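J.: need coordinates for the following:
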Amino acid sequence: MSDPTEANGTAGAETTEAAAAAEGGAGRRHVRVVLVDDHRMFRTGVQAEIGRTEETGVEVVGEAADVDQAVTVITATRPEVVLLDVHLPGGGGVEVLRRCSALMGDAEQPVRFLALSVSDAAEDVIGVIRGGARGYVTKTITGSDLIDSIFRVQEGDAVFSPRLAGFVLDAFASTDAPPVDEDLDRLTQREREVLRLIARGYAYKEIAKQLFISVKTVESHVSAVLRKLQLSNRHELTRWATARRLV
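T.: Residues are numbered from 1 along each chain as shown. Below you'll find the model as predicted:
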């Protein structure tokens, strides 16, 4: 019969070795990430939550607060995954995706995008997925789930918050899915935001305050929307938006 002390010691050693091996395997998992969000405090919070590289395997290699910064940082650092907010100054997440399409299509070192947004609006979700993002999660996600989502996107999986998964499948797989609105696709993300607020009856000053932009910038966006949609005034714009259920 084996000595109980010796047997227990052997089992304990095996358990310790297995745990060390498992820990070593987890430690080898690594992903380089860029954070794109126009709220500095949110970026700081995400960095603190997921950026403990030795513990999480996530290395935050860059941050950006608007479209131009995002494209510059992503091009310079070539991360495996970009956490992308949908609403950004300069055209929104869709514009970042458009300008980084070549990086997404790189066969050897693709840059993959995971949308991380407070919005769960249908047009936002469909817009970024159509633009090439591999997934969409909302900012209610936990830190551990976000880390898991990042690694899954790195591996090529599609990741969605549970409430959005069924919706995305329906929108893309159903024969009843709404067709692409080419007129709406002409507008940047910021122009769509201004369009919705105008259609809801907001004054230019109210829109400027809500979107943290100047009244002059609001006027410029409205002019661009009217020109692209070939409309004459805000009353026609309101009817146009209402007919498409954007209000």
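
J.: in which helix or strand does Ala115 reside?
T.: strand 112-117 (DSSP states H and E).

J.: need the helix or strand of this protein with the lowest average pLDDT.
T.: Every helix and strand of the chain was ranked by mean pLDDT, DSSP states H and E. The lowest is helix 4-28, at a mean of 43.

J.: going on from that helix, what's the next piece of helix or strand?
T.: strand 31-36.

J.: by how many degrees do whichever helix or strand comes after that next one and strand 31-36 diverge?
T.: Downstream of strand 31-36, the next assigned helix or strand under DSSP H and E is helix 40-50. Helix 40-50 and strand 31-36 meet at an angle of 160 degrees, taking axes from the mean of the first three to the mean of the last three Cα atoms, to 10 degrees as the criterion.

J.: for helix 40-50, name the packing helices and strands.
T.: Judged by 3 or more Cβ pairs under 8 Å, 6 or more residues apart in numbering; DSSP states H and E, helix 40-50 is in contact with strand 31-36, strand 58-64, helix 143-154. (Glycine included, C-beta is placed from N, CA and C.)

J.: of all these, which lies closest to Gly201?
T.: Of all the helices and strands packed on helix 40-50, strand 31-36 sits nearest to Gly201, with 31.7 Å by Cβ to Cβ.

J.: what angle separates the closest one from strand 58-64?
T.: On the basis of the same axes, to 10 degrees, strand 31-36 is oriented at 30 degrees to strand 58-64.

J.: got the contact list for strand 31-36?
T.: Residues from elsewhere that reach strand 31-36 (Cβ atoms under 8 Å, 6 or more residues apart in numbering): 43, 46-47, 50, 57-65, 69-70, 73-74, 77, 79-85, 88, 93, 96, 150-151, 154.

J.: same question, stretch 190-207
T.: Outside stretch 190-207, the residues within contact range by Cβ under 8 Å, 6+ apart are 87, 89-92, 123, 184, 187, 210-211, 213, 215, 218-219, 221-222, 224-225, 228, 234, 237-238, 240-242, 246-247.

J.: ok, now stretch 144-163?
T.: The contact list for stretch 144-163, computed with Cβ under 8 Å, 6+ apart, reads 29, 31, 33, 46, 49-50, 56-58, 80-81, 83, 112-114, 116, 120, 134-138, 140-141, 168.
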